[in-house]
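Chemist: Sequence first, predicted coordinates after that:
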Amino acid sequence: MWQTTPGGVIIFTQFIMSICAGSANLLSMMYFGIQLKKLGYCLWALSIVGLVVSEFSTLHAQVLGPTYDVEIKRPFLMPDFVVMDLGPDRIGMTQLFASELQRAGFKVTSAAQAQKLMVPLSQSSNQAALALELYQMLDNIRNVDSDALPMKVRQMRKIARKSGIGRGYRFRVTAGMEEAVRQGVLIMLPGNRIAIAPDSAPPVVTEEAEAWVPPTAYKFSFNYVYRYSLTCGETCSEVYASLNDFRTGEVLASLRFDQPRIASACKNEIVHKLIEDLTRRGTVRVTAQVEANARPMQTVAVIDEGGEDCHRKSSQAWADEIATALLGQYAVVDRSNVDALLKEQRTSLEVTFDASEFVEAGRLVGAEGLVFVKAGCTSGRDEIDVKMTDTTLGTVCWSMHGENADATILVQRLEEAREAR
């Protein structure tokens, strides 16, 4: 059975080249036609060798090289924090992943801390009102007997329930106590005792509780197959990881790495490459800028400038989505009206894109602003540039740049920028 090895390929190549060299030397001693035939055989053999070497090199790279695979299920905004099980593991992969995520801009926290962050600090103004009642109760007790505080929490609850605070319900008294501690009015002391904080003012009670928005949180989990490497000591032969929405469990991205025993990728390199690809390909970045002198508008038209993103989604498709998302802020003129007007002015639409012509056409169809949308692809990231031009003044009113963002996120950031102006 023949086996293809680098040494065998080299020896066979040298053998064929020696025959060709010998044939070339015989040109002066033998018939020209016969030698041409021999040279043809030599060239044919050399071409076969080239194919074998090429296929072997490709196979060699595929078999011996490590595999990194990061699949983005849905592009995601940078979260408020990422939850990880921060317990120790055999080769320190937890610490490596946590450090690399933080280096990439993620805030990493433990599962226990995340549970606290996912609960509103004050669910309603009622809790603040209970905190105020508890404060007044303890303040009255302190005025009567200055040595009564600090007081055991159990005793404080008993007095509060007898006083009718929280309608006598234990869980309501506890909620009021926690709110008072959160506001810094009451303090917890060793021995499960409670006291009024020095120089503290009564708890603040708002008329209406602010709407609580839960933080954006993801969960990063992983497992791996351990192996020892002569090059870097402890490393992994396989790594499997995922990034999920912490509340819903939706999979945002899956990460996979494997390497054959002959390969020697070290654990630091593995973690860095996986998180780098996750951040580069998955994270959404949006910037929006509103010009200070932009005049208010009600009617706009949306035009694409050509191009397509990394997923071959055209600028026209993006323009349609942007137009739909803008309906909450503007009345959008049908693109076909602008095209129809341009047809009257030009004999063919298949010409170089001219923004000034579209601005004029937009003004003639009643659009106060013209929104230009351009899609592109850079380093595997979808890039969208959107800007609006005043059809009367010809000035830019606002602009947006998005990476891996959808139309809804883009327009949402624009609205936030306009409100902040």
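Modeler: Structure received.
Chemist: On the pLDDT front, check the residue most central in space within the chain for me.
Modeler: Centroid-nearest residue in the chain, with Cα atoms, centre = their mean: Thr283, separated by 1.9 Å. According to the prediction, Thr283 has pLDDT 92.
Chemist: in terms of contact, does it touch Asn404 like I think?
Modeler: Yes - with contact defined as Cβ atoms under 8 Å, Thr283 reaches Asn404; the gap is 6.6 Å. The C-beta positions use only the backbone N, C-alpha and C, and glycine is treated the same way.
Chemist: who touches both of these two?
Modeler: Pro75 (Cβ atoms under 8 Å, 6 or more residues apart in numbering).
Chemist: ok, back up a step: for the residue nearest to the centre of the chain, give me the backbone phi and psi.
Modeler: When read as degrees, to the nearest 10, the backbone of Thr283 gives phi -70, psi 150.
Chemist: Quick check: the gap between the residue lying closest to it once chain neighbours are set aside and Ala111.
Modeler: Spatially, and ignoring its direct neighbours in sequence, Thr283 is nearest to Met78 (6.0 Å; Cβ to Cβ, 6 or more residues apart in numbering). Applying Cβ to Cβ, to the nearest Å, the value for Met78 to Ala111 is 20 Å.
Chemist: And for Pro203?
Modeler: Distance, Pro203 to Ala111, using Cβ to Cβ: 30 Å.
Chemist: Compare the two (neighbour count), which wins?
Modeler: The neighbour count for Pro203 versus Ala111, taken as other Cβ atoms under 10 Å, is higher for Pro203 (24 against 13).
Chemist: Please, which helix or strand holds the more buried one?
Modeler: Secondary structure assignment for Pro203, by DSSP states H and E: no helix or strand.
Chemist: quick one: low-confidence parts of the stretch 251-400 of the chain?
Modeler: 341-356 (pLDDT under 70).
Chemist: ranges for the helices of it?
Modeler: With DSSP state H, counting those that start in this stretch as the criterion, the stretch 251-400 of the chain has helices at 267-282, 315-325, 335-345, 355-364.
Chemist: Against which helices or strands is the last one packed?
Modeler: Contacting helix 355-364 under the criterion 3 or more Cβ pairs under 8 Å, 6 or more residues apart in numbering; DSSP states H and E are the following elements: strand 299-304, helix 335-345, strand 369-378.
Chemist: Domain map for this protein?
Modeler: As assigned by automatic domain parsing, the chain contains the domains 6-64, 67-112+215-283, 125-196, 291-420.
Chemist: residue ranges with poor pLDDT in the stretch 1-150 of the chain?
Modeler: Looking at the stretch 1-150 of the chain by pLDDT under 70, you get 1-64, 120-125.
Chemist: Show me where it has its helices.
Modeler: 6-25, 32-64, 93-103, 111-117, 125-144.
Chemist: buried sites along the shortest one?
Modeler: Meaning helix 111-117. Buried positions in helix 111-117, judged by neighbour count with 16 or more other Cβ atoms under 10 Å: Ala114.
Chemist: excluding its backbone neighbours, what's nearest Asp309?
Modeler: Asp382 (3.9 Å).
Chemist: JSON lines for the helices of the stretch 251-400 of the chain, including mean neighbour count?
Modeler: Shown next, in JSON lines, are the helices of the stretch 251-400 of the chain (neighbours: other Cβ atoms under 10 Å):
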{"stretch": "helix 267-282", "mean neighbour count": "19"}
{"stretch": "helix 315-325", "mean neighbour count": "20"}
{"stretch": "helix 335-345", "mean neighbour count": "14"}
{"stretch": "helix 355-364", "mean neighbour count": "18"}
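Chemist: In a markdown table, list those along with distance to Leu186.
Modeler: Shown next, in a markdown table, are the helices of the stretch 251-400 of the chain (distance: least, Cβ to Cβ, whole Å):
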| stretch | distance to Leu186 |
| --- | --- |
| helix 267-282 | 42 |
| helix 315-325 | 47 |
| helix 335-345 | 62 |
| helix 355-364 | 62 |
